[in-house]
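*Asks:* how would this look folded up:
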Amino acid sequence: MGPPFCPAQAVFIKSTRTRIDANPKRFFSENDWRETLPNGGRRTPVASKKTVDVSSFYVEPVAAFVPHLLLPNHTPSCPHCEKSDRVDTHGTHVRWINIPKILFGLKGHRYLDTKLCWCGECRRRFAGCDKKSMQLDSKRWLGFFPFNLSDRCAVDEELCSFVINSANSTTSSVVKHLERMSADKCHDDCQHCLCLVRCARTKPRTMTGGNQHRIDSIFHARKGKESESERKRNKVKMRHDHAVRTLATGRSTLDSGLPLQQLINKKHNRNNLSVSLPCLGVSKLKRLMSLGISTAAELVESENPHVKPEWKTIVEEHF
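*Replies:* Predicted structure coming up:
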């Protein structure tokens with residue numbers, strides 16, 4: 001499985017790493033490590049005469065976080081032994097990570113890149129943005145590192161502030177706002193690209209392996225206008241397929257016995273409006289699980305005196 005970005009993004013990440021390795025002091029004095037901007041794309045001035053490649057519109061900035069290069073005389077702490085005495089930051093075991101983390105923002109994303117350091121004590125590598133390592137050196141990074149880390153991705157300060165200050169809004173409304181902002185940004189980029197195309201400011205692509213095919217060539221030949229009987233038959237088939245899927249879903253729920261933990265997880269989400277067993281709240285379901293009842297089917301068959309008869313009636317009516 002390849003990296004989760006286009007070839008143009010891979011070229012930019014590689015070139016950024018090469019520039020850092022060649023002269024890190026000059027690179028970080030001329031570029032903001034939090035957002036190293038690529039050339040072309042949406043950053044191309046409309047009034048200039050420079051031509052750009054259309055693939056540059058897919059290239060996102062890079063946040064190159066290399067701890068031992070950003071702060072002088074600093075060696076990151078190993079997250080395993082919690083020491084920095086034998087951490088190597090320039091040896092043969094030090095290399096860039098395989099795939100940078102996705103750094104999400106309000107309207108788009110960047111790529112958080114870093115190096116793997118080597119601990120001679122543990123004989124193990126660790127990333128420069130390892131959460132535990134940065135926690136051990138939190139006094140050095142307080143106010144310097146503006147991102148929030150998770151195991152698979154990262155979030156910048158603007159998106160984090162937006163989500164936290166939207167605590168009174170539902171999750172669905174927050175997601176819709178972010179989707180609309182991202183859609184507006186994509187629309188602006190599209191209009192910018194079309195403007196450059198109209199002004200003949202884009203570089204022609206050289207195709208390898210033959211001429212590029214039209215997108216409609218991958219679809220089947222368009223059929224003629226369907227008759228009335230064919231239309232009715234297709235409509236009945238769609239209804240039949242929908243009924244089969246609904247029946248299969250109902251049988252799967254019945255066979256599983258309706259796990260109570262699954263219901264608790266759904267009831268914790270305020271966007272789930274049609275959760276099964278609405279009369280049994282989270283506290284009641286947790287009480288049932290503490291009694292050793294893990295599914296709604298076990299609730300019906302239970303003889304525990306703490307199980308109320310009306311609870312069994314609710315479950316029986318549901319099934």
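*Asks:* Please count neighbours and contacts with C-alpha atoms only from this point.
*Replies:* Will do.
*Asks:* Give the buried residues for stretch 130-137.
*Replies:* Asp130, Lys131, Ser133, Met134, Leu136, Asp137 (16 or more other CA atoms under 10 Å).
*Asks:* where's the first one relative to Arg43, distance?
*Replies:* As for Asp130, its distance to Arg43 is 32 Å (criterion: CA to CA, to the nearest Å).
*Asks:* same check, this time on the fourth one
*Replies:* For Met134, the distance to Arg43 equals 33 Å [CA to CA].
*Asks:* Any regions of this protein where pLDDT drops low?
*Replies:* 1-2, 205-224, 269-274 (pLDDT under 70).
*Asks:* ranges for the helices of this protein?
*Replies:* 7-22, 24-30, 67-70, 131-136, 138-141, 157-164, 171-198, 228-256, 260-268, 282-290, 296-301, 309-318 (DSSP state H).
*Asks:* How far away from the center of its chain is the first one?
*Replies:* Pointing back at helix 7-22 there. 22 Å (CA atoms, centre = their mean, to the nearest Å).
*Asks:* just stretch 255-263 next, same as before
*Replies:* With CA atoms, centre = their mean, you get 28 Å for stretch 255-263.
*Asks:* ok, now stretch 107-114?
*Replies:* 11 Å.
*Asks:* neighbouring contacts of it?
*Replies:* Outside stretch 107-114, the residues that touch it by CA atoms under 8 Å, 6 or more residues apart in numbering are 35, 60-66, 96-97, 99-104, 127-129, 154, 178, 181-182, 185.
*Asks:* got the contact list for Leu258?
*Replies:* Thr295, Ala296, Ala297.
*Asks:* Report the contact partners of the first one.
*Replies:* It refers to Thr295. Contacts of Thr295 (CA under 8 Å, 6+ apart): Gly257, Leu258, Pro259, Leu260.
*Asks:* Among those, name the ones in strands.
*Replies:* Counting by DSSP state E, no part of the contacts of Thr295 is found in strands.
*Asks:* mind putting the residues you listed in CSV, distance to Asn31 included?
*Replies:* CSV is the format used below for the contacts of Thr295 (distance: CA to CA, whole Å):
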residue, distance to Asn31
Gly257, 58
Leu258, 56
Pro259, 54
Leu260, 53
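*Asks:* Of these, just the buried ones, PyMOL syntax please.
*Replies:* To isolate the buried members of the contacts of Thr295 in PyMOL, using 16+ other CA under 10 Å:
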select buried, resi 257+258+259+260
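*Asks:* Pick out whichever of the contacts of Thr295 sits closest to Met238.
*Replies:* Distance to Met238 across the contacts of Thr295 (CA to CA) is lowest for Leu258, with 28.2 Å.
*Asks:* quick one: that closest one and Leu277, what's the gap?
*Replies:* 10 Å.
*Asks:* Also Lys50?
*Replies:* 64 Å.
*Asks:* repeat for Arg198
*Replies:* Arg198 is 59 Å from Leu277, by CA to CA.
*Asks:* Compare the two (neighbour count), which wins?
*Replies:* For Arg198 versus Leu277, neighbours defined as other CA atoms under 10 Å are more numerous around Leu277 (15 against 9).
*Asks:* So that one sits against Glu317, correct?
*Replies:* No: contact criterion CA atoms under 8 Å: Leu277 and Glu317 do not qualify, at 9.5 Å.
*Asks:* what residues are up against Lys267?
*Replies:* Lys267 touches Val275, Gly281, Val282, counting by CA under 8 Å, 6+ apart.
*Asks:* Now do Lys107: how many residues are near it, please.
*Replies:* 16.
*Asks:* try the one 4 residues further on
*Replies:* Look at Tyr111: counted by other CA under 10 Å, it has 24 neighbours.
*Asks:* For it, name its beta-bridge partners.
*Replies:* Val62, Ile102 (DSSP bridges).
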